[in-house]
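>>> return a 3D structure for these sequence lines:
(one chain, ligands or ions: 2)
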Amino acid sequence: MTKKRVVVALGHRALGTTLPEQKNATKRTAKIIADLVEAGADVIITHSNAPQVGMIHTAMNEFGKVHPDYTAVPMSVCAAMSQGYIGYDVQNAIRAELLRRGIYKPVSTILTQVTVDPYDDAFHEPVKVIGRTLTEEEAEAEEKKGNYVTKTENGYRRIVAAPKPQDIVEIDAIRALADAGQIVIACGGGGIPVLEQGEELHGASAVIEKDLISGKLAEMLDADELLILTSVEKVSINYKSDTEQYLDHITPAQARQYMEEDQFEPSTMRPKIEASVSFIEKKKGRKAIITSIDKAKAAYLGKTGTIIE
Ligand SMILES: Nc1ncnc2c1ncn2[C@@H]1O[C@H](COP(=O)(O)OP(=O)(O)O)[C@@H](O)[C@H]1O
Ligand SMILES: NC(=O)OP(=O)(O)O
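Ligands and ions are numbered 1, 2, ... in the order given. All right, here's what the predicted structure looks like:
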C-alpha cells in the first residue's frame, strides 16, 4: 500500500452546528478519517469554524453583559476557543474509531496561529459569514454594536474580515508530529489570525478562510494531496442552472479559466478552487480533490469527486 501525505479540509457538514450536532457529526467524520488511514493516507486535518466561532462570540458577549468585569472577547480569542472545542471532539472521535479498528495512532490538536497582513484590504471589506441566521431585529442590534451583517436567503448573518493567510506560526510542531506518522488537527477555522509586532503576536479581529489555509498547510508540509470534504460530490460549472455540468477532472489552467468566468461562488467554492490551484501549481505530481464528506474514500481512490491536477 502506497503511503500518501494528505491534508484533509473538513467543511460544515463534517462538524454540524450545535453542540449535539457536532458530537454526532464528528463520530461520522471519524469513521471517514479512519477509512482514509486504512487506505494508506497520512492525514493532517483542518476544519471549518464559522458556526462555532459565531456561537462562542455571541455567548461571550452575552456573558459580558451579565458580568461587566469580563470585557468583550476578541474574535481571535473566540477563534482559539473554537479550535479547542472542535479539536477536542474531532480528536477524541478519531482516536476512539481507530482503537475500535485495532489501530493505535496518536491524534492531537495544535492551537495554530496564522499571521495576516495588517494592510490587507479585507480589513476594510468584511465578507466572511459567521454564526447562525439572525432575525431582522437581531441584525439591527448587531449593527448598533458596530458589527457588520449581510442579508442571506433565510435572514441575516454576521460578517467579519477574512484576510489572506501569510504564515503558519506553529508549522514546525505540526511537521514534527506529521513526520512521526501521527494525526494532527491544525489551522482549525483558518487559524487564529495574528499580527506580528516585533517578537509579539497580537490577535486580529478576523476569521481566515479555512480553504486558503488548507492549501497553504498542504504546501508547507509538502503534502501529496489536498482533499477538500464539503457538501457536494463534484464541483460544477453553470452551477444550479439548466446547463449545469459536473467536473470530473480538470487542469489548473481550466480551473483558472473557470474562475475568470466567475463559475464559483466567491465565499464558498471559489476559495476551494483557489487553494487547490495554488497548492498543485507549486510542484509537479500534486493533486487536489473536492468532494462530499460521504464520498471521501471513493474520491481518495479516484472513483469520484472533482480532481484537479
Ligand atoms: N460551482 C459550484 N459547484 C459546486 N458547488 C458550488 C459551486 N458554487 C458554489 N457552490 C456551493 O459551495 C458549497 C460548499 O461550500 P461551503 O458552503 O463553504 O462548504 P464547506 O463548509 O464545506 O467549506 C456547496 O454546498 C455549494 O452550494
Ligand atoms: N474559517 C472558515 O473558513 O470557516 P467556515 O468554513 O465555517 O466558513
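>>> only C-alpha atoms for contact and neighbour calcs from this point on.
Fine.
>>> count the neighbours of Ile159 for me.
By other C-alpha atoms under 10 Å, 22 other residues sit near Ile159.
>>> measure stretch 99-106 end to end?
This stretch, stretch 99-106, spans 10 Å end to end (C-alpha to C-alpha, to the nearest Å).
>>> off-centre distance for that stretch?
Put simply, stretch 99-106 sits 25 Å off its chain's centre (C-alpha atoms, centre = their mean, to the nearest Å).
>>> spell out which parts of the stretch 1-150 of the chain neighbour ligand 1.
Proximity of the stretch 1-150 of the chain to ligand 1, by C-alpha under 6 Å from any ligand atom, involves residues 11-12.
>>> kindly recompute the last result at 8 Å.
Selection of the stretch 1-150 of the chain residues close to ligand 1 by C-alpha under 8 Å from any ligand atom yields 10-14, 48.
>>> could I get the residues you listed as TSV with pLDDT and neighbour count?
Converted to TSV, these look like this (pLDDT from 0 to 100; neighbours: other C-alpha atoms under 10 Å):
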residue	pLDDT	neighbour count
Leu10	98	26
Gly11	98	22
His12	95	19
Arg13	95	19
Ala14	97	27
Ser48	97	28
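>>> so which of these are also by ligand 2?
Okay, of those touching ligand 2 (C-alpha under 8 Å from any ligand atom), that's 11-12, 48.
>>> out of these, which one sits closest to ligand 2?
Ligand 2 lies nearest to Ser48 out of those, by C-alpha to the nearest ligand atom, at 3.7 Å.
>>> hang on, that closest one packs against Leu10?
Yes. Contact criterion C-alpha atoms under 8 Å: Ser48 and Leu10 qualify, at 6.2 Å.
>>> that older thread, kindly reformat the residues of the stretch 1-150 of the chain next to ligand 1 as JSON lines containing distance to Leu134 and secondary structure.
Shown next, in JSON lines, are those (distance: C-alpha to C-alpha, whole Å; DSSP: H, G, I helix; E, B strand; the rest coil):
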{"residue": "Leu10", "distance to Leu134": "25", "secondary structure": "strand"}
{"residue": "Gly11", "distance to Leu134": "21", "secondary structure": "coil"}
{"residue": "His12", "distance to Leu134": "18", "secondary structure": "helix"}
{"residue": "Arg13", "distance to Leu134": "20", "secondary structure": "helix"}
{"residue": "Ala14", "distance to Leu134": "23", "secondary structure": "helix"}
{"residue": "Ser48", "distance to Leu134": "20", "secondary structure": "coil"}
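>>> mind putting these into TSV with distance to Lys303?
Converted to TSV, these look like this (distance: C-alpha to C-alpha, whole Å):
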residue	distance to Lys303
Leu10	19
Gly11	21
His12	23
Arg13	21
Ala14	20
Ser48	25
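>>> what does this protein have sitting close to ligand 2?
Checking the chain against ligand 2 by C-alpha under 8 Å from any ligand atom, the hits are 11-12, 47-52, 128-130, 188-191, 207-211, 268.
>>> report the buried members of those residues.
Buried by 16 or more other C-alpha atoms under 10 Å: 11-12, 47-52, 128-130, 188-191, 207-211, out of the residues of the chain next to ligand 2.
>>> no further queries at this time; thank you.
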